[in-house]
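>>> give me a model of this one.
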Amino acid sequence: MFGVSNGRVDIDLANGWPDYRQALELIAQGDWSRSLVLLAEAETTFRTNDDHQGLWRALIGQSLLHWREGAMALAIARAMAALRAAEAVDDGFAFGCVAWQVANMMIGQGEYRKAADFLDQAQLALDAVGLAPPGGALAAAAQLCVEIGRWQQMRERGQIGQREAEVAIVEIQQDLIGRLNQAASSMRSAPVDFASVGGAEGRFLLPGPPAMLAMPEALGSATSLSGWLSRLWQRLIRGDEGPAAESVTRLPAPMWPPIKLADVEAAPLSLDEPDVELVAEPELEPELVPAADSGNEIVLQVPSVSERFHTAQPSGLAIYCFGNFRVYCNDVLIDRWESARGRTILKYLVARRATAIPKELLADMFWPDSEPELARRSLHQAIYCLRQTFKRVAPNMQIIRFSNDRYQLNLDMPIWVDSEAFSQEIEQARAHYAAGKIETAMQAYAVAIDLYHAPFLAEDRYEEWTDEPRRANQAMYLEALHRLARYHLERGEHPSAILLCQRALAEESCDEDSHQMLMTCYMAQGLRHLAVRQYQICANTLKTELDLTPSEDLEAFYRRVVVAAG
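Reported below is the predicted structural model:
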């Protein structure tokens, strides 16, 4: 136990929970320095006892205290450690709370796009356990962060004036603050089961006071969003108004330190070795045994929350193609690959899962400059390494099948692919829409856009073979966003329609349909100046990106609806 008596600190490492409770009491009293020492000691004890429930609480508590003192880099480092500890607990509420707090730190540093990613993860995690703030507050905040990033990018590119961009960003920031307050208040009062951590000992530093924080009337140079968040965090770590504290107007905002991950390509196979054939069963192609250790490709991945709570397949493979390629085998993330080229071939086979691919085609595609025999041996080596990768986590799993000189994923094993699930939801939505079942169609479209969180195989955007599926998936994604946005627009649900249009423009900035729907929403709300500005953004973007002018339909709409109203 770590007790404080007459200025002395007594240590007993048998249990970290008394230390943690004492730290919470000291925080409530405004004794920041001693509470930080207690939380650090509690962290040590929790690590020693392998107590992840306590560990993530102690880490996020330290993070909040460091944030209060302006030690941004240290605060974020502690928060990311808390995120990893929360993942180890396999508790959606733990992960969601920590991800939400990391997002706020990113916002405080002006890293809006990173904040959006963490807010989306928090929303998904809390949704999975039924404890998300009502109204999708975190997801809405994520979209607002994306929108701020979009305005900042347009300002940097000179697509819009400095003053216009600042006015728009301030308006979005005020909406963002309201969403953050809503989430903070709701999460603070969430009913959490502490049974696994010993009843009241499970208390932890949740974001948000019992009541909504007052939102500033305006954000200007004197009252920035970063400064407001700094004061917000002082209230969050106390859980109430607490004792008077020194005024903090704006904390320094060092940049997020870049982390460079070097991909280590597998060492080339020595072609001096004889082509030894291994036939494990009739269907398997002869494989080349590597002459020496071919090295490992290091891929550092943190699974997204949608992956961690995915339950479509209790066993088998779960494969994620949107964004960076990720594979789970029997719920285990494959984070080490025997060959980078084998991993790329797996992507190709996944993208064409229904088709058996001739081995000559694969050899020519991935080794176009090699002699046919060398290309064949390289292909055998890559397939061998790919099978070895999966044997580490599932020794009896036959992931690749070979028959009639063709390779294909084993269709007999359960495989879930996010891009396939996305396409299926789109097809279902289209069928329901054609049958007049509009509500059911919109539900399917909503599921689809949740599956699509980034372009198809974004890490392979320069690989020619990924262009066609990436464009097809993007077109379906925009279709879903347009249908949902128009659905909400027709019902007068303008905030929802606006967020969906903003998501579409984040994906495709030249999407005239979304620009026009945004203008319609603004006009319906009496915000003519925003509609005018949206038209200007559209015209500037089309000119900059495509050297085009707005279509005749959009021009006519602008003159008929916007100009006429002025």
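>>> residue 327: which element?
Applying DSSP states H and E as the criterion places residue 327 in strand 326-329.
>>> parallel or antiparallel, list what pairs with the helix or strand just after that strand.
As assigned by DSSP H and E, the chain's next helix or strand after strand 326-329 is strand 332-333. The pairing partners recorded for strand 332-333 under DSSP bridges are strand 326-329 (antiparallel).
>>> what's in contact with the partner strand?
Strand 326-329 has contacts (C-beta atoms under 8 Å, 6 or more residues apart in numbering) with 301, 303, 307, 316-320, 333-334, 346, 390, 393-394, 397. Heads up, the C-betas are built off the backbone N, CA and C, glycines and all.
>>> same thing with stretch 510-520?
478, 481-482, 485-486, 489, 497-498, 501-502, 504-505, 508, 531, 534-535, 537-538, 541-542, 545-546, 550-551, 553-554, 557-558, 561-562.
>>> show me which of those are buried.
Buried members of these, scored by 16 or more other C-beta atoms under 10 Å, are 478, 481-482, 485-486, 489, 497-498, 501-502, 504-505, 508, 531, 534-535, 537-538, 541-542, 550, 554, 557-558, 561-562.
>>> where does residue 454 fall, phi/psi-wise?
Main-chain torsions, residue 454, degrees, to the nearest 10: phi -170, psi 160.
>>> OK, contacts around it?
322, 323, 324.
>>> hmm, 10 Å instead?
Residues near residue 454 by C-beta atoms under 10 Å, 6 or more residues apart in numbering: 117, 304, 320, 321, 322, 323, 324, 507.
>>> what do you get for residue 497?
484-491, 514, 517-518, 520-521, 524.
>>> same check on residue 546?
509, 510.
>>> go again using 7 Å as the cut-off
residue 510 (C-beta atoms under 7 Å, 6 or more residues apart in numbering).
>>> distance of it relative to residue 361?
35 Å (C-beta to C-beta, to the nearest Å).
>>> equivalent analysis for residue 100, please.
In terms of C-beta to C-beta, residue 100 sits 47 Å off from residue 361.
>>> and these two? Which one has more around it.
Neighbours per residue (other C-beta atoms under 10 Å) separate residue 100 from residue 361, with residue 100 holding more: 27 against 12.
>>> what strand or helix carries that one?
Short version, using DSSP H and E: residue 100 is in helix 92-108.
>>> pLDDT of that helix, averaged?
Averaged across helix 92-108, pLDDT comes to 85.
>>> send me it as PDB with only the CA atoms.
Taking Å, rounded to 0.1, in the frame of the first residue of the first chain, the C-alpha atoms of helix 92-108 are listed here in PDB:
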ATOM      1  CA  GLY A  92     -14.700  -2.000 -24.900                       C
ATOM      2  CA  PHE A  93     -15.400   0.600 -22.300                       C
ATOM      3  CA  ALA A  94     -11.800   0.800 -21.200                       C
ATOM      4  CA  PHE A  95     -10.500   1.200 -24.800                       C
ATOM      5  CA  GLY A  96     -13.300   3.700 -25.700                       C
ATOM      6  CA  CYS A  97     -12.600   5.900 -22.700                       C
ATOM      7  CA  VAL A  98      -8.800   6.000 -23.300                       C
ATOM      8  CA  ALA A  99      -9.200   6.500 -27.100                       C
ATOM      9  CA  TRP A 100     -11.600   9.400 -26.400                       C
ATOM     10  CA  GLN A 101      -9.000  11.100 -24.200                       C
ATOM     11  CA  VAL A 102      -6.200  10.600 -26.700                       C
ATOM     12  CA  ALA A 103      -8.400  12.200 -29.300                       C
ATOM     13  CA  ASN A 104      -8.800  15.200 -27.100                       C
ATOM     14  CA  MET A 105      -5.100  15.500 -26.700                       C
ATOM     15  CA  MET A 106      -4.700  15.400 -30.500                       C
ATOM     16  CA  ILE A 107      -7.200  18.200 -30.800                       C
ATOM     17  CA  GLY A 108      -5.400  20.200 -28.300                       C
END
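>>> following it, which helix or strand shows up next?
Note on helix 92-108: by DSSP H and E, the next helix or strand toward the C-terminus is helix 112-128.
>>> what is the very next helix or strand once past that next one packed up against?
Using DSSP H and E, the next helix or strand after helix 112-128 towards the C-terminus is helix 137-157. Packing contacts for helix 137-157, counted by 3 or more C-beta pairs under 7 Å, 6 or more residues apart in numbering; DSSP states H and E, involve helix 112-128, helix 162-188, helix 494-507.
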